[in-house]
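A.B. asks: Below is the sequence, then the predicted model.
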Amino acid sequence: MREKAKTAIGGGAKKILYTLKTVKRIGLRESAKALTAKNTCKACGLGMGGQNGGMTNEQGDFPAVCNKSVQAQSTDIQQPIPEEIFAYNLSDLQDLSAHELEHLGRLNTPLFKAKNSDKFVPITWDWGIRRAAEQFAKTPAERSFFYSSGRSSNEAGFVLQLLARLYGTNNVNNCSYYCHQATGVGLSKTIGTGTSTVELADLDGCDCIFVIGANPASNHPRFVHKLQACRARGGSVIIINPAKEPGLVRFALPKSPKSLIIGGDEIASHYLQPHIGSDIGVLKGIAKVVIEGGGVSKEFVRQYTKDYEPFLVDIKSTSWSEIETITGIPQSEFELIGNIYQRSKNTVFAWGMGITHHRHGVENVEYISNLALLRGMIAKQYAGLLPLRGHSNVQGIGTIGVKPVLANDVIKNLERELGVSLPDLERSPGLDTLASIEAADRGEIDAALLMGGNLFQATPNTSWAEKALDKIALKVHLTTTLNKGHLHGIGNSESIILPVAARDEEFQSTTQESMFNYVRLSDGGIHRLDNVRSEVDVLTHFAQHLFHFRQGSDAKEISFDFSAFRKHSSIRKTIAAVVPGMEDLKSIDVAKKEFHINNRIMHSPVFKTTSGKAHFRVHPVPKSTSSETYPFRLMSVRSEGQFNSIIYEEKDSYRSIDKRWVVMMNKKEISNLGIGKDDTVDLVSAYGEMGAVSVHAFDIPDGDLMVYYPEANALIGRDRDEESKTPAFKSVAVKIEVTSKDTKVENE
Ligand code: SF4
């Protein structure tokens, strides 16, 4: 392994104090109410809360206090943004940082910005919704798109995609096109399902967990408890990540006094640090050890898989020198890891966006699947595949149809159940998220409805994205707080911003799906603001006005009455009737019985591929993205103080960095480049620049760099994985120019 573990740890007293401070800031009563109510946690996709009560998981574990969860609550429990703020010009508002915007308060009034104005003005709800509907009604449906983040509920997502399709477009997409779409595509091709094959309880019986291209210490904090428990029962936790993340080396569990006293528990039993983008090389190396060591589960492979022979030939013909060169990891380390895997009875493979954010994201996922199939580690209890999903309902939003392509059976069910006809997918295939913005750039989009999220900042190639978004004549946003996505890319266009209730403020219950395919029921019901509406209410009124305005126009008449969906329970009944696996949603609000979606968790070898077998896939090891002109590989990463593009605090406490305009590289590279104590650097890619960036020494391989997302989007182009359309946020070729001498270099 490259370097000895650092002394910095994740979790622990620092996080407890942070949580205390945040709780005090928002008030003990308010915090307790929000954190313990029967609502799904608003942050990561691991899933917590729901009918078991806040801070409790589906196994009944309590209390599962989590810093991320507290952060997410902290911005919802804010006073309304004072209306005086909107007297300022757009350019003044644009000067606020993401952190400052998030902390302005909650949005509690609908806002309008006219095309040629540089100010937002408060408007009434009625005027805002009618204006939005009127403008959409004038727009040919194919010149629009509809987007949802993973914050919204299944109920709101279902209405959004239905109204878009009845309006006449399949341009329906969600934020997973910027995160785990490659996972869905890769898993569907190899094992016939697009989501986790394990449930939370499976993590209690495995003896080995691989965590690849993910930093759960910051992004899925409660998952680290499962890693620690695996170690405590003698199992192995193998982290594969170019960066040595302190929170994955040691983590002090806030729930465990012992863990706090001893300065944290060791999390990683083994830590591999390959070069950025070399994952296929790593996975081939481990597979090579298993094959050469006779560890293949031959009976499983023979009975339940296809295309093993070409895979075997490829692994045998891939030389150790090729693997060592591309990954930067010696054969001896592969042998160590391969032998652990070979001895394991039950292994779980978990991964994050370090796997999907590459031009070969789908291929990366397919190789994780290959490695698991090799030893029959899919389709049994305590073993399987676990994509670590980001937002709390990003998986649910996809399940209920917020995506450009619906499965044929879902289309048929919808048409039958509602008596409607949906736009033909062959004649008008929907656009994915990035393709929608590219269409806008070509002048082909006039209207967009954006439910949650921060599409501007989430999109690669920031300056291009801003111009492209501004070419959309009208953008309608549904949001709880303001972010840069509401303020950029709107200078020459019209914008309507509608304030909506947070999950725990919903007026009726809503549902969410975790990354373990577990559907939770959130009661809502907390009253904080007097002028917010539920997303379903906004969308159904918008739809009614839209189709009313369209009557008599050339557009086809819509017979469906959206007022029928004002009741969330009727939306759930429809979802239950049309989406396979969601049957139990029908009565969830009455039975209060949360459930795993049928046929997702794989505890037996039934593969829903066309052949009925799992498929091995073969691909060459991709070449490094670096070149003579751009000799460094850069990946964008999240900090401890952020969630997706939301910046809760500027500081990254686990990495001991107190600002965000920073590049992380190893000490040797800093010295090779002659970067002095007070120097800053410019980072330059083929797509953009980041100027005067501070330098922070970090344990990462030679030639590899890390920069915070979304700031790094200035450098990231629109290269993408062609199969899944996931942008390559983590394999960017850059050069470094040492510039000024006005910022201190911070040391580890
Ligand atoms: S691990 Fe994720 S789901 Fe669980 S409490 Fe923390 S942020 Fe919420």
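C.D. replies: Looks like it arrived, so ask away. Given the structure is predicted, the values throughout are model-derived calculations rather than measurements. Numbering: from 1, shown residues only.
A.B. asks: How many residues are close by the residue nearest to residue 444 when sequence neighbours are not counted?
C.D. replies: Nearest non-adjacent residue to residue 444, counting by Cβ to Cβ, 6 or more residues apart in numbering: residue 143, 6.2 Å away. In this view, the C-beta of every residue, glycine as well, is placed from N, C-alpha and C. The local packing of residue 143 (other Cβ atoms under 10 Å) involves 18 other residues.
A.B. asks: cool, residue 112 as well?
C.D. replies: For residue 112, using other Cβ under 10 Å, the count is 19.
A.B. asks: do the same with residue 728
C.D. replies: When neighbours are counted by other Cβ under 10 Å, residue 728 registers 22.
A.B. asks: Check what pLDDT it gets.
C.D. replies: You'll see residue 728 listed with a pLDDT of 94.
A.B. asks: can I assume it is in contact with residue 357?
C.D. replies: Yes. Using Cβ atoms under 8 Å, residue 728 is in contact with residue 357, at 6.2 Å.
A.B. asks: how about the residues of the stretch 101-250 of the chain that lie near the ligand?
C.D. replies: Applying Cβ under 6 Å from any ligand atom, we find that the stretch 101-250 of the chain lies next to the ligand at 220, 221, 222.
A.B. asks: got those as JSON lines, with neighbour count and secondary structure columns?
C.D. replies: Formatted as JSON lines, these follow (neighbours: other Cβ atoms under 10 Å; DSSP: H, G, I helix; E, B strand; the rest coil):
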{"residue": "220", "neighbour count": "25", "secondary structure": "coil"}
{"residue": "221", "neighbour count": "26", "secondary structure": "helix"}
{"residue": "222", "neighbour count": "23", "secondary structure": "helix"}
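A.B. asks: Relative to residue 497, which of those residues is nearest.
C.D. replies: residue 220 (30.5 Å; Cβ to Cβ).
A.B. asks: Could I get the contacting residues of that closest one?
C.D. replies: Residue 220 is in contact with 44, 45, 46, 214, 388, counting by Cβ atoms under 8 Å, 6 or more residues apart in numbering.
A.B. asks: Setting the sequence-adjacent residues aside, check what's closest to residue 652.
C.D. replies: Of all residues not flanking residue 652 in the chain, residue 639 sits nearest, at 3.7 Å (Cβ to Cβ, 6+ apart).
A.B. asks: I should have written residue 428 there, sorry.
C.D. replies: Nearest residue to residue 428, sequence neighbours excluded (Cβ to Cβ, 6+ apart): residue 170, at 5.7 Å.
A.B. asks: check contacts around the one you found.
C.D. replies: Taking Cβ under 8 Å, 6+ apart, we find residue 170 in contact with 164, 404, 405, 423, 425, 428, 429, 430, 431.
A.B. asks: Surely residue 329 is in a helix?
C.D. replies: No. Counting by DSSP: H, G, I helix; E, B strand; the rest coil, one finds residue 329 to be coil, located in no helix.
A.B. asks: so where do the strands sit in the stretch 551-700 of the chain?
C.D. replies: Under the criterion DSSP state E, counting those that start in this stretch, the stretch 551-700 of the chain contains strands at 595-596, 614-615, 632-637, 642-643, 646-647, 662-665, 681-685, 689-697.
A.B. asks: how about the last one: buried residues?
C.D. replies: Within strand 689-697, the residues scored as buried using 16 or more other Cβ atoms under 10 Å are 690, 693, 694, 695, 696, 697.
A.B. asks: and which of the residues you listed is nearest to residue 134?
C.D. replies: For the buried residues of strand 689-697, the residue nearest residue 134 by Cβ to Cβ is residue 690; the value is 41.3 Å.
A.B. asks: what's the closest non-adjacent residue to the closest one?
C.D. replies: Take residue 690 and drop its neighbours on the chain: the residue closest to it by Cβ to Cβ, 6+ apart is residue 683, 4.5 Å away.
A.B. asks: What of residue 326?
C.D. replies: Computed as Cβ to Cβ, 6+ apart, the closest residue to residue 326 that is not its neighbour in sequence is residue 281, at 4.1 Å.
A.B. asks: element containing the one you found?
C.D. replies: For residue 281, the host element (DSSP states H and E) is helix 279-292.
A.B. asks: just residue 496 next, same as before
C.D. replies: Per DSSP H and E: residue 496 is located in strand 494-499.
A.B. asks: What strands flank that strand, and is each parallel or antiparallel?
C.D. replies: strand 111-113 (antiparallel), strand 474-479 (parallel) (DSSP bridges).
A.B. asks: Residues contacting the first one, please?
C.D. replies: With Cβ under 8 Å, 6+ apart as the test, strand 111-113 has contacts from 86, 90, 119-123, 127-128, 131, 490, 494-497.
A.B. asks: pLDDT averaged over that strand - what is it?
C.D. replies: Strand 111-113 shows a mean pLDDT of 98.
A.B. asks: now the longest one
C.D. replies: Confidence for strand 474-479, expressed as mean pLDDT, is 98.
A.B. asks: One more: stretch 352-359?
C.D. replies: The model assigns stretch 352-359 a mean pLDDT of 96.
A.B. asks: can you tell me which residues contact the residue nearest the centre of the chain?
C.D. replies: Centroid check for the chain by Cα atoms, centre = their mean gives residue 390 as the closest residue, at 3.3 Å. Residue 390 is in contact with 44, 45, 150, 175, 179, 180, 219, 353, 644, counting by Cβ under 8 Å, 6+ apart.
A.B. asks: In this structure residue 598 contacts residue 585, no?
C.D. replies: No. Counting by Cβ under 8 Å, residue 598 stays clear of residue 585, with 10.7 Å between them.
A.B. asks: Run a quick neighbour tally on the residue lying closest to residue 605 once chain neighbours are set aside.
C.D. replies: Nearest non-adjacent residue to residue 605, counting by Cβ to Cβ, 6+ apart: residue 379, 3.9 Å away. Here the number of neighbours of residue 379 (other Cβ under 10 Å) works out to 22.
A.B. asks: And the pLDDT at residue 379?
C.D. replies: pLDDT for residue 379: 92.
A.B. asks: Name all residues that make contact with it.
C.D. replies: Residue 379 sits next to 197, 304, 602, 603, 604, 605, 606, 607, 614 when contact means Cβ under 8 Å, 6+ apart.
A.B. asks: what do you get if the cut-off is 6 Å, keeping everything else the same?
C.D. replies: Shown in contact with residue 379 (Cβ atoms under 6 Å, 6 or more residues apart in numbering): 602, 604, 605.
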